[in-house]
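K.L.:
Let's see this in three dimensions:
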Amino acid sequence: MSAETAGSVPATRTPNVRTLKFAESIFVPVFALFGSFLIFSLFLLVIGKSPIDFFTLVWTGGFGSSFSIQQSLQRSAPLILTALAFAIPARIGLTMIGAEGALVLGGFAAAAVAIPLVTGGAAAPIAWLIMAITAMAAGGLWIGLAGWLRHYRGVNETISSLLLSYIAIAIMNFFVEGALRDPASANKPSTMPIGDAYRIGSIPGTDVHWGFAAGVALAIILFILMSRTTFGFAARMTGGNVRAAKAQGLPVGFLMVACCAIAGCCAGLAGFFEVAVIHGQANASLVAGYGFTGILVAFLARHNPLMIVPVAIIFGAIAAAGGLVQRRMGMPDATVLVLQGIIFVVLLASETLYGRLKFFQPEARGDRT
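P.N.:
Numbers count the residues shown, from 1 in each chain. This is a model prediction of the structure:
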């Protein structure tokens, strides 16, 4: 083999393998998504409802008009941030499911720190900045703690992050129903409202709040961080083989805690926007399940920060169409939760397809590797 030919082999091998792997990473989630729709359609037929009507209403409620699209984008904002909170630790090999707790704790921290700012008459931009930093710090410390327990104490991160979520919700309830309860909140214990002057408005010309823009910006930043920097390379290497990473002298403990802290900051920021835009105060409404839906979004996106955005928009559209489905088809609003549950189960089952589909294997196709 000539030097020219020998030098050209790696150039022809790598793109082919990468292309097949990328195609597989797209095909499997899409296959799982359509498989879920088929199973859900059978469920609808069993209960005497039309699948065509259901999915038509979902499309209409999610993307059928300018108003619907804006509602879908608004619903997708917390999903983008909580999906990032799952995807970033996943890149380093950790299964963190505590985004719900970090969101709740971040939202509560933002509402708590807003009380002296509002009563003291602080300028709104300064109050927003302090609230956002406080929320991100609370979320980052909470999920970072789970990462620290995993590396330095060997505690399973899935269990610890889930238990920490329950603790975070209990902490919020303790203060909201006690020391920080607004006396005016008789029926639903809440903190003191921040007031309209301290509510964050929508992006000019739209009804979409700034949380969506923040989510998109963070997705781009984290994509660059995890795929175009030495930090991201070290994190991916650690996620691939911890022993090899340690043998290369990489700071595995720091990488784990840092990735978890970044994840917690994303979830905490989602809590800040829930308080500063949607609710205006901290109460039980913060526990809306966004942290768990974000896990599903991250799985479908294959933990790719850029792919999280369109997937989150799809799930935002499904959630936005829930009310329309309820009115037109006489079905509970929770019907969309059944669909999400089916998608999650089918998606988990589809994980076994990776590496088994011959079409995406270079050896089976006769390609050189």
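K.L.:
which outside residues touch stretch 208-219?
P.N.:
The contact list for stretch 208-219 (Cβ atoms under 8 Å, 6 or more residues apart in numbering) reads 70, 73-74, 76-78, 80-81, 84, 200-203, 266, 269-270, 273, 277-278, 305-306, 308-309, 312. Glycine gets a C-beta too; all of them are placed from N, C-alpha and C.
K.L.:
secondary structure element for the residue nearest to Phe55 when sequence neighbours are not counted?
P.N.:
If the residues on either side of it in the chain are set aside, Phe55 comes closest to Phe37, at 7.2 Å by Cβ to Cβ, 6 or more residues apart in numbering. Counting by DSSP states H and E, the element that carries Phe37 is helix 3-46.
K.L.:
Among the contacts of stretch 208-219, name the buried ones.
P.N.:
70, 73-74, 76-78, 80-81, 84, 200, 266, 269-270, 273, 277-278, 305, 308-309, 312 (16 or more other Cβ atoms under 10 Å).
K.L.:
Helices - which of the residues you listed land there?
P.N.:
Judged by DSSP state H, the subset of those located in helices is 70, 73-74, 76-78, 80-81, 84, 266, 269-270, 273, 305, 308-309, 312.
K.L.:
tell me which residues in the helix or strand encompassing Met256 are buried?
P.N.:
Per DSSP H and E, Met256 falls inside helix 252-273. When burial is assessed from 16+ other Cβ under 10 Å, helix 252-273 yields the following buried residues: 252, 255-273.
K.L.:
What's the first helix or strand after that helix?
P.N.:
Using DSSP H and E, the next helix or strand after helix 252-273 towards the C-terminus is helix 290-300.
K.L.:
Using CSV, list the CA coordinates for that next one.
P.N.:
Only the C-alpha atoms of helix 290-300 are listed here, as CSV (Å, rounded to 0.1, in the frame of the first residue of the first chain):
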residue,chain,number,x,y,z
TYR,A,290,-41.0,19.9,34.9
GLY,A,291,-37.9,18.2,36.4
PHE,A,292,-39.2,14.7,35.5
THR,A,293,-40.5,15.7,32.1
GLY,A,294,-37.1,17.2,31.4
ILE,A,295,-35.6,13.7,31.8
LEU,A,296,-37.7,12.5,29.0
VAL,A,297,-36.8,15.5,26.8
ALA,A,298,-33.0,14.8,27.5
PHE,A,299,-33.4,11.2,26.6
LEU,A,300,-35.1,11.9,23.3
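K.L.:
Between helix 252-273 and it, find me the angle.
P.N.:
Calculated by axes from the mean of the first three to the mean of the last three Cα atoms, to 10 degrees, helix 290-300 forms an angle of 120 degrees with helix 252-273.
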